[in-house]
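Undergrad: Pasting a predicted model and its sequence here:
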Amino acid sequence: MELFNVYSLLDMEPVKARGAYLWDRDGVEYLDFYGGHAVISIGHTHPHYVEMISSQLSKIGFYSNAVINTLQRELAQKLGELSSYDDYSLFLCNSGAEANENALKLASFTTGRERVLAMRGAFHGRTSMAVAVTDNPAIQAPVNRTDKVTFTPLNDIEAMRAELRSRDYAAVIVEGIQGVGGIRVASDDFLRAVREECDATGTMMILDEIQSGYGRSGRFFAHQWAGVRPDIISLAKGIGNGFPIGAIMISPAVPARTGMLGTTFGGSHLACAAAIAVADVVRDENLVENARVMGDRIVEAIKDVHGVQDIRGRGLMIGVDLPVSQAEFRKVLMSHHHIMTGYSGKNTLRLLPPLMIGEKEVERFAGAFRATAAEMGM
């Protein structure tokens, strides 16, 4: 049997990892400035993380949500403290797509409405409703297509207002920072306007913080720069540092009903142990503040490189627009300088390093970036 060929693979197989570094089968060291799609938050194989998972697995790794699991309550408490949303409720699942699926379902249950307003350039996942609110018809199968979703441009306040006032919507869903869409930041004014319009029209505000959350923006959630409080917040990626876990945080104004949401594997003992370990490290090692400081360092170190057209983002979620193919630029960075990066579109380099990177890693990346730019004639 062969693998179903849906991925374009880099010519590199990591077999060991620690902190912000990876090693391949030949022992070559790579600096990880992508974190496996922004998943690695506290760094690879952090000792506390490894110990928590190993210890939990030696006791019990899984039982269903038909029984009490105090680790879920511990995680909810820690997450509430870290995020300053201690009055919200937590529902645990397995992935970002599943988190958004449940957020949209919950908004529809609560409002009794069926339409959703999403943003141009959005990416929310590949499951049924998550992909329907994703602005990419190429990944929507015929069964996913619906006339119940409308898209307006990110940061276009007037278009958003006009649409919400034209008919009833269950929810507006917006990313704190669009990742796949090119590191496009939802402006503070736009998020405040969405909150105001949702309040005025009885619409629920869903913030997708799957990539932009968990400290990556220099605040725990990117929307907190705007000072708004959404009705539902979806998260995944950094919450588990590589262990599959997703969640939604739900405003106290949203009522719960037994059976309205559910999952087999979500919130397992092992997943909660992993997420608790991540929360401990984020708090104890001041990683939210580190993301802000190191993100500023990266921007400062490369902003004057000749040919760089734009740098966007917040904290350690950075997009760099290049005058050359990002694919070729990334290839040189990896093959010549052993640095892993990501991309958005044809010309945008996407930087999503672990939140624990330091000055040494920033200096190495900046030197390699400058060298690559010179090699490519920028």
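TA: Yep, it's here. Numbering: from 1, shown residues only.
Undergrad: okay, CA-based contacts and neighbour counts for the rest of this
TA: OK.
Undergrad: what helix or strand does the closest residue to Val332 other than its chain neighbours sit in?
TA: With Cα to Cα, 6 or more residues apart in numbering as the criterion, Val332 has its nearest non-adjacent residue at 6.4 Å, and that residue is Thr372. Thr372 belongs to helix 359-375 when assigned by DSSP states H and E.
Undergrad: what's in contact with that helix?
TA: Helix 359-375 is contacted from outside by 31, 294, 297-298, 301-302, 305-307, 329, 332-333, 337, 339, using Cα atoms under 8 Å, 6 or more residues apart in numbering.
Undergrad: Check the gap between the residue nearest to Val332 and His337 for me.
TA: Distance, Thr372 to His337, using Cα to Cα, to the nearest Å: 8 Å.
Undergrad: One more: Arg330?
TA: 10 Å.
Undergrad: now do Ala162
TA: Counting by Cα to Cα, the gap from Ala162 to His337 is 49 Å.
Undergrad: Looking at the two, which has the bigger crowd around it?
TA: More crowded of Ala162 and His337, by other Cα atoms under 10 Å: His337, with 20 against 12.
Undergrad: Next up, the contacts around the more buried one.
TA: Ala368.
Undergrad: what helix or strand does Arg312 sit in?
TA: Going by DSSP H and E, Arg312 is part of strand 310-314.
Undergrad: need the next SSE after that strand, C-terminal direction.
TA: As assigned by DSSP H and E, the chain's next helix or strand after strand 310-314 is strand 317-321.
Undergrad: immediately after that following strand, which helix or strand?
TA: Sequence-wise, the next helix or strand downstream of strand 317-321 (DSSP H and E) is helix 326-337.
Undergrad: What helix or strand is the closest residue to Arg25 other than its chain neighbours located in?
TA: In this structure, Arg25 finds its nearest non-sequential neighbour in Val15, 6.1 Å apart by Cα to Cα, 6+ apart. For Val15, the element it lies in under DSSP H and E is strand 14-18.
Undergrad: Now do that strand: which elements does it pack against?
TA: strand 21-24 (3 or more Cα pairs under 8 Å, 6 or more residues apart in numbering; DSSP states H and E).
Undergrad: What pairs with whatever helix or strand comes next after the strand it packs on, parallel or antiparallel?
TA: Downstream of strand 21-24, the first helix or strand assigned by DSSP H and E is strand 29-32. Strand 29-32 pairs in its sheet with strand 21-24 (antiparallel), strand 339-340 (parallel), by DSSP bridges.
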